[in-house]
Each structure stands twice: as C-alpha cells, then as structure tokens.
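*Asks:* Predicted model and sequence follow; I will ask about them next.
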Amino acid sequence: MSAGFRAVQWNCRKVVYDLILVAGVTLYIGAFMGVSAWQRPPANWPDWTNLRIDAFGSCAFIMLTIILSIGPLARLDPRFLPLLYNRRHFGVLTFFVAAVHGWSVFEWFAVQDALPGLANELSNTAAYGKFIGFPYKTLGIAALVVLLLLAATSHDFWLAFLTPPAWKALHMLLYLAYGIVVMHVALGAMQGNRSPLVPVLLGGAFVWVAGLHLVAGRRERRGDRGSKVGEGGWIAVGPPETIPDKAARIVTAPGGERIAVFRDGARVGALTNLCAHQNGPLGEGRIIDGCVTCPWHGFQYRLEDGRAPPPFTEVLATYPVRLRGGIVEVDPRPLPPGTPAAIDVVL
Amino acid sequence: MIILNVLALYGLVGAGTAFAFVIFGISRVLPAGTPVSIGARILLWPGAALLWPYVLLRWVKAGVR
C-alpha cells in the first residue's frame, strides 16, 4: 500500500508464488531443450542457439497466454484468484524470458558473422508489403518493446504517478503485444515449421484467450443490467441476513457503477466496488481484521468510511445505506471519498 | 538509419533524465515525506528512461508549484 515505496514488497505468499513461477519456467526450458536435443542432437553452437530461441520463445508465448487467461478465469471462478495476486511478477518474468529469446536470435546471427543479413532483413521495405516473407522479426521486436514498457512500469510507484486509470490503460497494451506475438509466430515459426503442432497450439491459445474473455464479459454484462431502483432512487439490497457476514453483495447503479454492500456482524456499509489500487473487484473480497480486503492484492479499507487504515492513504467513495421495512437499501449517489456512511442494524 | 539514430538519442536523453529523476526528482513529484528506498529508485529507472518526456514534464510542473 502507499505509505512509501520499496523495491519489492515481499511477503510469504509472494515468495512462494515467485518460486513456483521460476521453477515452472526452469522446468519447461530444461524439458524443451533436453527432449529436443535428445531427439535431434545439435551439431554446433548455432544449432544450440536455435534450440534456445525455440525454448524461450515458446515459453514466453505460453506465459503470455496464461497471464491473459488469469483475469477472466478469476472472474469466472474465485479459486483462480491466487494466480492473480502476483501477476505483475509473472509479467516481468515473461519480459525477461522474451528478452532471452530476442537476444538469442541476435546471437545466432552474430556467431555466424551474419549481422548484416539481419539488418538487411529488417530494413527490406519491399518485404513489408508481402504476407509470406514479411520480416516477422520486426513484430517480435515491437512486442518486446511493449513488454519492456509494461515491465518497467509495473512498480506501484507508476500506478500512483500515472494514476490508476492511465496505468490500467497503459497495461492494456499487453493485448496488443499478444496480438503482435501471434502474428510474429504465424509469419515466422509457423512458416518455417511444417509440423501441424505450431498452428494448432497457436490457434488453440488464441481461441482460448478470446473465448475466456467473451464468456467472462458476458457474465459481467448480465450483472451490469442494473439493480431495481425503488423510492427516491434507493436500491433494495435485501434483508441484512442475506448479505453474507464479512462479505458483500454487489448491486449495480443505473449508470452501471457497481456498489459493494458489506456486512460485518451487525454493521452494514457500502463502498465503490473498485479498489483504489488497480480497480480490483472489492465486493468479491472479504472483511479481514476488521477491514474490507481486496481479493487481488490485499489492499484494505475501513467499512465505516472507506479509508485505508493508517499509515496508508488510499480512500474510496462510500454510499449512504439505510434499513427500511427490514430491507437494506443503498443510495447509488456516491458520497465524497472517506465519508462515514455505515450503519448498525438489528439482526 | 535515421530511425535508429532518433531512437538512440531518445534512449540517451532518457537514461540521463531518468538518472537525475530517481535521485532528485522523485521526491518532488510525491507527497512530502514519502519514503522511496534505494532499491525502488533502481527499479524505477528503466520506466523513467522510457517515459522521460512525461516524467520531465511532471517534474518541472512539481517544481513550479
């Protein structure tokens, strides 16, 4: 949270996450290179480099596919939320894996004194008009630049410096990078490799990512149709006991804004559903240690007034709530961030 | 070749600007008293080098205020 900035805010969960991540990448690269070298032993250094290019390139593509799948998977099933917790480290590692892939390509040309050939390939403007023969390495460089930008701005400082909406928009460039990588593989590795495995995996991964986003988006839209608005514009949430204790029910204001109505024992309060950190779905979190806790990265807020506990400074908009005829109602017009608005009810 | 030269110039100016920013500028753009560790300053350098025109603009604005 924002009491200051350290290099990495390690905790036990992040260490475990990163260890699993590094172990997974090491296992994949080792297995890929080991099995490939066993099947077709490399004859010289460029052959080994080629193997490294394929191993790191395919690993980066798989990692990108997983990263883009985590968001919709977590929306569809909360059991995937732990994967989301440290997704930024996943992204940074993906950049480094992709960078080794890119460096290996450079090295492949360098060890054979063929760098002028690489320069000619990249600067052959006539080839950019073709489909087959397109200088696909340019696409790889473009994707690597985007991944570098995202990795370099992944620290929480950039989130605060650029503001969450701008940071979020910048990091949506990951979709652009994925699209460029798909083209890079389709015009490169897929053309040079006659095996059906590459198009099947590439197409499968693309359809998987697109399909997951469509399914998750459809479910979100269904929930966004707006809750029924009653007298004076207030939205009925339900009897207090229907709001799960230490959790929330999410209602949608007529404009589409989601409101998380939490219950902590006999106390009921409403906050915006968007976490101030990365717009995480606060209403899918729980009340831990007396604070509403975002399921994405554990940012916490007091239910009473939407303020992060000291020394943290994040603050959320709250909404007026009332109990009428045994029904909890929420006014969808937000109060200024940090305004106390929770009420105590009799259960 | 021109494109490469322009990119090299952008990178060179960015590297210098980012170096100055993580040492001197960062405390100007953050609320007074916000601690930033040396490790964080090192990690912020690449991002500042890439986004240096915007970083410089914010630094100048913060200095004027």
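*Replies:* Good, I have the coordinates.
*Asks:* Let me see the contact set for the residue of the stretch 1-150 of chain A found nearest chain B.
*Replies:* In the stretch 1-150 of chain A, the residue that lies nearest chain B is A:Ala7 (2.9 Å; C-beta to the nearest C-beta). For glycine as for every other residue, the C-beta is placed from the backbone atoms N, C-alpha and C. Contacts were defined as C-beta atoms under 8 Å, 6 or more residues apart in numbering or on different chains; by that measure A:Ala7 touches B:37, B:39-40, B:42-43.
*Asks:* let's go with 6 Å and repeat that
*Replies:* Contact analysis of A:Ala7 by C-beta atoms under 6 Å, 6 or more residues apart in numbering or on different chains lists B:39-40, B:43.
*Asks:* Let me know the secondary structure of it.
*Replies:* When classified by DSSP: H, G, I helix; E, B strand; the rest coil, A:Ala7 comes out as coil.
*Asks:* From the structure, what's the count of residues near A:Ala114?
*Replies:* Applying other C-beta atoms under 10 Å in any protein chain shown, we find 14 residues neighbouring A:Ala114.
*Asks:* From A:Gln191, how far off is it?
*Replies:* From A:Ala114 over to A:Gln191 the distance is 19 Å, taken as C-beta to C-beta, to the nearest Å.
*Asks:* and if you look at A:Glu220?
*Replies:* Using C-beta to C-beta, A:Glu220 is found at 38 Å from A:Gln191.
*Asks:* now swap in B:Ala40 and tell me
*Replies:* From B:Ala40 to A:Gln191 the distance is 44 Å (C-beta to C-beta).
*Asks:* Which residue of these two possesses the greater neighbour count?
*Replies:* B:Ala40 (21 against 15).
*Asks:* so what's that one closest to, chain neighbours aside?
*Replies:* Among residues not flanking B:Ala40 along the chain, A:Phe5 sits closest, at 4.3 Å (C-beta to C-beta, 6 or more residues apart in numbering or on different chains).
*Asks:* residues from chain B in reach of chain A?
*Replies:* Residues of chain B found near chain A (C-beta under 6 Å from any C-beta of the partner chain) are B:34-37, B:39-40, B:43-44, B:46-47, B:50.
*Asks:* can you put these in TSV and add secondary structure?
*Replies:* Listed next are the residues of chain B next to chain A as TSV, based on three-state DSSP:
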residue	secondary structure
B:Thr34	coil
B:Pro35	coil
B:Val36	strand
B:Ser37	coil
B:Gly39	helix
B:Ala40	helix
B:Leu43	helix
B:Leu44	helix
B:Pro46	helix
B:Gly47	helix
B:Leu50	helix
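*Asks:* would TSV of these with pLDDT be doable?
*Replies:* Output for these, formatted as TSV (pLDDT from 0 to 100):
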residue	pLDDT
B:Thr34	88
B:Pro35	91
B:Val36	93
B:Ser37	94
B:Gly39	95
B:Ala40	95
B:Leu43	96
B:Leu44	97
B:Pro46	97
B:Gly47	97
B:Leu50	97
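*Asks:* Return the member of the residues you listed nearest to chain A.
*Replies:* Set against chain A, the nearest of the residues of chain B next to chain A by C-beta to the nearest C-beta is B:Gly39 (2.9 Å).
*Asks:* pLDDT score for the residue nearest to that closest one when sequence neighbours are not counted?
*Replies:* Once flanking residues are discounted, B:Gly39 sits nearest to A:Ala7: 2.9 Å by C-beta to C-beta, 6+ apart. pLDDT for A:Ala7: 87.
*Asks:* now B:Leu57
*Replies:* Listed pLDDT for B:Leu57 reads 96.
*Asks:* got a list of contacts for the host helix or strand of it?
*Replies:* Assigning secondary structure by DSSP states H and E places B:Leu57 in helix B:52-64. Helix B:52-64 is contacted from outside by B:14, B:17-18, B:21, B:25, B:28-29, B:48, using C-beta under 6 Å, 6+ apart.
*Asks:* tell me the contacts of the residue nearest to B:Ala40?
*Replies:* A:157, B:36, B:40.
*Asks:* for the second one, what are its contacts?
*Replies:* Neighbouring residues of B:Val36 by C-beta under 6 Å, 6+ apart: A:5, B:26.
*Asks:* Name whatever forms a beta bridge with it.
*Replies:* Here B:Val36 sits in beta bridges with A:Phe5, going by DSSP bridges.
*Asks:* Retrieve the pLDDT associated with the residue nearest in space to the middle of chain A.
*Replies:* With distances taken as C-alpha atoms, centre = their mean, the residue of chain A nearest its centroid is A:Gly71 (5.3 Å). A:Gly71 is assigned a pLDDT of 91 by the prediction.
*Asks:* same thing with A:Gln191?
*Replies:* Note on A:Gln191: pLDDT of 82.
*Asks:* in chain B, which helix has the most residues?
*Replies:* For chain B, the longest helix by residue count, based on DSSP state H, is helix B:2-20.
*Asks:* Check the offset of it from the chain's centre.
*Replies:* 12 Å (C-alpha atoms, centre = their mean, to the nearest Å).
*Asks:* Quick check: what element follows that helix along the chain?
*Replies:* Past helix B:2-20, the next helix or strand by DSSP H and E is helix B:26-29.
*Asks:* neighbouring contacts of that next one?
*Replies:* Contacts of helix B:26-29 (C-beta under 6 Å, 6+ apart): B:36, B:58, B:62-63.
*Asks:* Repeat that for stretch A:12-24.
*Replies:* With C-beta under 6 Å, 6+ apart as the test, stretch A:12-24 has contacts from A:86, A:89, A:93.
*Asks:* Can you give me every residue that contacts the second one?
*Replies:* The neighbourhood of A:His89, defined by C-beta under 6 Å, 6+ apart, consists of A:Asp18.
*Asks:* ok, how many other residues are close to the residue lying closest to A:Ala216 once chain neighbours are set aside?
*Replies:* Nearest in space to A:Ala216, with sequence neighbours left out and distances taken as C-beta to C-beta, 6+ apart, is A:Pro72 at 3.5 Å. Around A:Pro72 there are 20 other residues, counting by other C-beta under 10 Å.
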